[in-house]
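Peer 1: Pasting a predicted model and its sequence here:
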Amino acid sequence: MKALSGIAGFICLLSFGSIASPMAGPKACDLWDMQVTKVRAVGSDSWLELTPEVSALSCIGAFTGNNSSFYDPVKNHPDYYNLGFKNDGWMNYYGNQSPYWDTDGAFITSNDMLQDLQGLGPIDPGWVQMGKDDGQGFMPDSSRKGDKSYTYEQTVFSMSDCKDKNGLAETCVGGDAVSGNWLFSPPAVSPEELFDILGGTFFDQMAVVFKSSTAFAIYTFSITQFADIGLGPILPGEQKFEFAGTWDMSDTLINKGGQAAGLSNYTLYGRDPTGSFVVPAPATIGLIGVSLLLMRLFRRKNLHLSN
């Protein structure tokens, strides 16, 4: 695993939209349902506005289902909990155990996307459940390996400025909200406990499950989507970044009456990175976001640019 510079999302899983699934949903998701609009270094007062906005790399759904079908991570194993192992939690279930995808875990499309997290070869999808908000605020989950454990920050993900289908202000979760803003904010101080459990690194991938009425859809982002502004996996002790954006499920999560359904809950996942990351050449970076790269280089003196 390598580390995330603040966002999770996918390492070039696919370059197209929704992934085919064996189960037909109420309506196909769209990549622009969830977007990143700006990014900044943690602790900075200035945002870098992204033009155009960055839409999700991939999405699955929408599907018909409810939370009773969402498997929690394995809770009774004596040595591990919520570490992304094969069949350890809903997103890590293989296609023959999931009605929502026919791949080796959610969004896993080939063997080279699997991880060797148990020392048993590349069999692990790698998804870690970071937390969930069902109307009581974001409740972080924990990961455990042996006698070591880490609880994710309660402030790592939040929503604001939510609106109902008529554009009126609404409670983000548990009410009639169909759109709003979101913020992914990693801890400013490197969590040493998490490094110990996950091998000394962060995630570089993120997935968010949106659930409304009897439908849900899943959206992913990858740090590779931000390569042109100089972002890549962040090593322990290096500068971290916050990402902010918008979500709009009004055309995707529909109730039985055919109307946009209010957000019931959402769940946040991170995933171990796969392969290596190459920072783009300076000429490309300069065209899109040299100011953000300079912030990164200030903390990362050992960064090597490819030619």
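Peer 2: Received, thanks. Numbers count the residues shown, from 1 in each chain.
Peer 1: Go ahead and confirm residue 31 touches residue 54.
Peer 2: No. Using Cβ atoms under 8 Å as the test, residue 31 is too far from residue 54 to be in contact (9.7 Å). Backbone N, C-alpha and C define where each C-beta goes, glycine included.
Peer 1: which of those two has more neighbours?
Peer 2: residue 54 (23 against 17; other Cβ atoms under 10 Å).
Peer 1: can you pull the contacts of that one?
Peer 2: Counting by Cβ atoms under 8 Å, 6 or more residues apart in numbering, residue 54 touches 35-37, 221, 225-226, 245.
Peer 1: what do you get for residue 253?
Peer 2: 26-27, 62, 178, 210-213, 215-217, 260-261, 263.
Peer 1: Ranking by neighbours, what's the top pick from those residues?
Peer 2: Those, ranked by neighbours (other Cβ under 10 Å): first place residue 216, 30 neighbours.
Peer 1: What score does that residue have for pLDDT?
Peer 2: At residue 216, the model reports a pLDDT of 92.
Peer 1: and the gap between it and residue 246?
Peer 2: 19 Å (Cβ to Cβ, to the nearest Å).
Peer 1: Same check on residue 170?
Peer 2: Distance from residue 170 to residue 246, by Cβ to Cβ: 15 Å.
Peer 1: who has more neighbours, those two?
Peer 2: residue 170 (21 against 16).
Peer 1: Surely that one touches residue 250?
Peer 2: No. If you go by Cβ under 8 Å, residue 170 and residue 250 don't touch, sitting 11.8 Å apart.
Peer 1: Show me where this protein has its strands.
Peer 2: 34-41, 48-55, 58-64, 80-81, 127-133, 139-140, 142-145, 148-151, 157-163, 179-184, 205-212, 215-222, 241-248, 263-271 (DSSP state E).
Peer 1: Just send the ones you listed back as TSV, with distance to residue 94 too.
Peer 2: Listed next are the strands of the chain as TSV, based on distance: least, Cβ to Cβ, whole Å:
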stretch	distance to residue 94
strand 34-41	26
strand 48-55	28
strand 58-64	15
strand 80-81	18
strand 127-133	12
strand 139-140	27
strand 142-145	21
strand 148-151	26
strand 157-163	27
strand 179-184	28
strand 205-212	17
strand 215-222	16
strand 241-248	29
strand 263-271	15
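Peer 1: Need the winner for burial among the ones you listed.
Peer 2: strand 215-222 (a mean of 27; mean count of other Cβ atoms under 10 Å).
Peer 1: now for that one, which elements pack on it?
Peer 2: Judged by 3 or more Cβ pairs under 8 Å, 6 or more residues apart in numbering; DSSP states H and E, the packing partners of strand 215-222 are strand 34-41, strand 58-64, strand 205-212.
Peer 1: can you tell which of these is closest to residue 132?
Peer 2: When these are compared by Cβ to Cβ, strand 205-212 sits nearest residue 132, at 8.6 Å.
Peer 1: could you give me the average pLDDT of that closest one?
Peer 2: Rounded mean pLDDT across strand 205-212 is 93.
Peer 1: Within the sheet, what are the partner strands of that strand, with directions?
Peer 2: strand 215-222 (antiparallel), strand 263-271 (antiparallel) (DSSP bridges).
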